[in-house]
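J.: let me see the structure of the following:
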Amino acid sequence: MTLRIVALFAIMLLAGCSLHNPTRPTLPIDPPPEYLENQAVAEPGLPLDQWWQVFNDEHLNRLMTELFAHNLELSQSLARLEQVESAFRITRSVQSPTLSAGGILSRSRQPGVADNFTGNSQQLSLAAGYELDLWGKLAAQSRAASLEVTASRQDVQTLYLGLSARLADLYFLAVEQRAQLALTDQIVASFSDTAARVESRYSKGLVPAVDMYQARQSLAGAQASRHLFEARLAEAEHATGVLLGRYPERSPGGSTAQLPAAPALFRVGIPADLISQRPDLLAALQRVAAADARVAAAIADRFPAISLSGNYGSLRQEVTTALIKGEFWSLLGNLALPVIDGGRRRAEVDRNEALLREAVAAYQQRVLLAFQEVEDALVNNFTTEQRIERLAETAQATGATLRLSTERYLVGLVDYLPVLTAQRADAETRSSLLGAQRQLLADRISLARALGGDWMQHEMNSRLQVEKDKQR
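T.: Just a heads-up that it's a prediction; the model follows:
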C-alpha cells in the first residue's frame, strides 16, 4: 500500500508534463529534381550492384573477393561493431529484473563462561531487483544504444564501399603505369633510332654537332622518365598488397598493361534517392536519432526513480545448546527524488541537447557533401571523356607532324629543331592520353562510390557469418 501511494504521488506530481518531444532532422533545402551535371541522354545507366564487374576483369573480381575476406581495416571495423553490439546488450539488460543467488557455509568457535561455544551456520538466499522505468529513461538509453548499432553497421558498409573503390583505383593505376612503361620503351626505341641516324649524318659532315647532342638529350630524357613510372607502379602494387592483408609485394594485381575501355555511366537516378543509397548518410541519420534518445534519457533522469528489491532464503544454524532453522524474506521499495544536485542534471540535459544539434548539423552537412560528390563525379566523367577525344585528335596530329618533320630532316629540307619539338609533343601527348584514359576509369569508380548502393550489406553479412563460424 505504501509503495502504491508513493508511486501515485510521483505520477500526480508530474501529470501533464511532456518529458521530451522527439527531433526529426530536416534537410537545409529540398533536394533538386535532378542533378545539375547529369548530361546523360536517354541512357538507363549501369546498375550499382557489385559495380566493379562492369569492367569485365576476372582478375579484379578475384581481388575484390580477397579484399572482402582479408582486409584488416574491415576486421577492425567488424570488431568495433561487435563492441557496440555488446554495449547495447549491456544497456538493454538494465531494463530487466536481476536475480542472484548466494550461500554462506561457516563453522565457528568462541570461548564461553562454562564451555567453548561451537556453531555451524548454513544460509541460502535469492536476491531480486527491478527499477520501474516510469519516465522512459532506461528505454531511451536502450533505444540510443540500438541506434548506435544500426549506425555502426552502416559504417561497416561505408568502409566496404570505400575499400572497393580504393582497390579498383590502385588496380587500374598499376595497369596504367605498365602501359606507360611500354609506351616509354617504344619512345626510347624511336628516339634511339633517330639519334643513330643523326649521328650517322653528323659523321658524314651533313649536320652540325648540336643536332647530335640534342638527339642524345631527347633519348636520355625519355629513358629518365621510365624510372618515374617504375616507382609509381611499385607504389601502387605495394599499396594493393597491404589492402589485401599481405606484406607489400610486386604484381599482386597481375601483369596486364592494357587499359580497358571505360564502361557506360552508372545509373544515377534522382537526387532524392541518394539519401537512402548512401550508408554514411543513413549512419548520420541514425546518430541523430540516438542523440535525441539520449536527450530524452537525460531529461528523465531529473525525475524520481523507483526501484524494487527483494530477498528470500533459508537459514540453518547449529549452536552448542540448540538448532535454529527457518526461512527469511524481505521486500523493499526505494524512491530516489533529486532535490539539489548543483545543476548537474540540468547541465547534462543541456549538453545532450547541444550534442543533438551538432548531430543534426553534421547530418545536413554530410548530405550536402554527398550531393557535391555526385555532381563532381558527373562533371569529371563528362569532361574527361571530352579531354580524351581532344587528346586522341592531338595524338594523331603530333604523330603525323613527327613523321613528316623526321622525313624532311633526313633529306636535308629542315634543321633538327622541328624534329626535336615534334618528338617531345608526340611523347607527351601519347602519355597524357594514357593518363586520361585511366582517369576516366577513376571517374567511373568515383561515381559508383558517390552513388552508394546496397550490395555492401550482403558482403558484410557474409563476412559476419564467417567470423561467427570461426568463433564456434
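J.: in the stretch 101-250 of the chain, what spans have low per-residue confidence?
T.: The stretch 101-250 of the chain contains residues with pLDDT under 70 at 112-117.
J.: quick one: the strands in it?
T.: With DSSP state E, counting those that start in this stretch as the definition, the stretch 101-250 of the chain shows strands at residue ranges 117-132.
J.: then the stretch 301-450 of the chain?
T.: Per DSSP E, counting those that start in this stretch, the stretch 301-450 of the chain carries strands over the ranges 305-318, 323-336.
J.: point out the most buried one among those strands.
T.: Highest mean neighbour count among the strands of the stretch 301-450 of the chain (mean count of other Cβ atoms under 10 Å): strand 305-318, with a mean of 15. In this view, the C-beta of every residue, glycine as well, is placed from N, C-alpha and C.
J.: now M456: how far from Q258?
T.: According to Cβ to Cβ, to the nearest Å, M456 and Q258 sit 30 Å apart.
J.: looking at these two, which one has more neighbours?
T.: Set M456 next to Q258 and count neighbours by other Cβ atoms under 10 Å: M456 wins out with 23 against 8.
J.: could you redo the strands of the stretch 301-450 of the chain as a markdown table and give each row distance to E237 and mean pLDDT?
T.: Shown next, in a markdown table, are the strands of the stretch 301-450 of the chain (distance: least, Cβ to Cβ, whole Å; pLDDT from 0 to 100):
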| stretch | distance to E237 | mean pLDDT |
| --- | --- | --- |
| strand 305-318 | 61 | 88 |
| strand 323-336 | 64 | 87 |
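J.: for E358, find the nearest of those.
T.: Nearest to E358 among the strands of the stretch 301-450 of the chain is strand 305-318 (28.3 Å), distances taken as Cβ to Cβ.
J.: pull the CA atoms of that closest one into PDB?
T.: C-alpha atoms of strand 305-318 as PDB (Å, rounded to 0.1, in the frame of the first residue of the first chain):
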ATOM      1  CA  ALA A 305      13.400   6.900  -9.700                       C
ATOM      2  CA  ILE A 306      11.700   3.900  -8.100                       C
ATOM      3  CA  SER A 307      13.300   0.600  -7.600                       C
ATOM      4  CA  LEU A 308      12.100  -2.600  -6.000                       C
ATOM      5  CA  SER A 309      14.200  -5.300  -4.300                       C
ATOM      6  CA  GLY A 310      13.500  -8.500  -2.500                       C
ATOM      7  CA  ASN A 311      15.400 -11.200  -0.700                       C
ATOM      8  CA  TYR A 312      14.300 -14.700   0.200                       C
ATOM      9  CA  GLY A 313      16.300 -17.600   1.800                       C
ATOM     10  CA  SER A 314      16.600 -20.300   4.400                       C
ATOM     11  CA  LEU A 315      18.900 -20.400   7.400                       C
ATOM     12  CA  ARG A 316      20.100 -23.400   9.400                       C
ATOM     13  CA  GLN A 317      22.300 -22.700  12.400                       C
ATOM     14  CA  GLU A 318      23.600 -25.200  14.800                       C
END
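J.: angle of that strand against strand 117-132?
T.: 160 degrees (axes from the mean of the first three to the mean of the last three Cα atoms, to 10 degrees).
J.: what is strand 305-318 packed up against?
T.: Counting contacts by 3 or more Cβ pairs under 8 Å, 6 or more residues apart in numbering; DSSP states H and E, strand 305-318 is packed against helix 2-13, strand 117-132, strand 323-336.
J.: and with 10 Å instead?
T.: helix 2-13, strand 98-110, strand 117-132, strand 323-336 (3 or more Cβ pairs under 10 Å, 6 or more residues apart in numbering; DSSP states H and E).
J.: make CSV from the strands of the stretch 301-450 of the chain and add distance to D169 to it.
T.: CSV is the format used below for the strands of the stretch 301-450 of the chain (distance: least, Cβ to Cβ, whole Å):
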stretch, distance to D169
strand 305-318, 54
strand 323-336, 58
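J.: let me see the ranges of the helices in the stretch 151-300 of the chain.
T.: Using DSSP state H, counting those that start in this stretch, the helices of the stretch 151-300 of the chain run over 209-243, 271-277, 279-300.
J.: deepest of the helices and strands packed on strand 305-318, which one?
T.: Note that of those, strand 117-132 is the most buried (mean count of other Cβ under 10 Å), with a mean of 15.
J.: can you read off the pLDDT for the closest residue to A422 other than its chain neighbours?
T.: Once flanking residues are discounted, A422 sits nearest to L402: 4.0 Å by Cβ to Cβ, 6 or more residues apart in numbering. Listed pLDDT for L402 reads 93.
J.: got a list of what L402 touches?
T.: Applying Cβ atoms under 10 Å, 6 or more residues apart in numbering, we find L402 in contact with S190, T194, P418, V419, T421, A422, Q423, R424, A425, D426, A427.
J.: can you say which of those residues are buried?
T.: For those, a burial check counting by 16 or more other Cβ atoms under 10 Å picks out S190, T194, P418, V419, A422, Q423, A425, D426, A427.
J.: can you lay out those residues as JSON lines showing distance to G119?
T.: Output for the buried ones among the contacts of L402, formatted as JSON lines (distance: Cβ to Cβ, whole Å):
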{"residue": "S190", "distance to G119": "107"}
{"residue": "T194", "distance to G119": "112"}
{"residue": "P418", "distance to G119": "117"}
{"residue": "V419", "distance to G119": "115"}
{"residue": "A422", "distance to G119": "112"}
{"residue": "Q423", "distance to G119": "108"}
{"residue": "A425", "distance to G119": "107"}
{"residue": "D426", "distance to G119": "106"}
{"residue": "A427", "distance to G119": "102"}
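J.: what two of those are the furthest from one another?
T.: Greatest spatial distance in the buried ones among the contacts of L402: S190 and P418, 15.8 Å, computed using Cβ to Cβ.
J.: from the buried ones among the contacts of L402, which ones fall inside helices?
T.: S190, T194, P418, V419, A422, Q423, A425, D426, A427 (DSSP state H).
J.: can you tell me the closest non-neighbouring residue to the first one?
T.: Pointing back at S190 there. Once flanking residues are discounted, S190 sits nearest to Q423: 7.8 Å by Cβ to Cβ, 6+ apart.
J.: what residues are up against A347?
T.: A298, D341.
J.: ok, it to A222 distance?
T.: Distance, A347 to A222, by Cβ to Cβ: 70 Å.
J.: please apply the same query to R153.
T.: Distance from R153 to A222, counting by Cβ to Cβ: 52 Å.
J.: the more surrounded of those two?
T.: Ranked by neighbour count (other Cβ under 10 Å), R153 and A222 place R153 first, with 24 against 21.
J.: no further questions, thank you.
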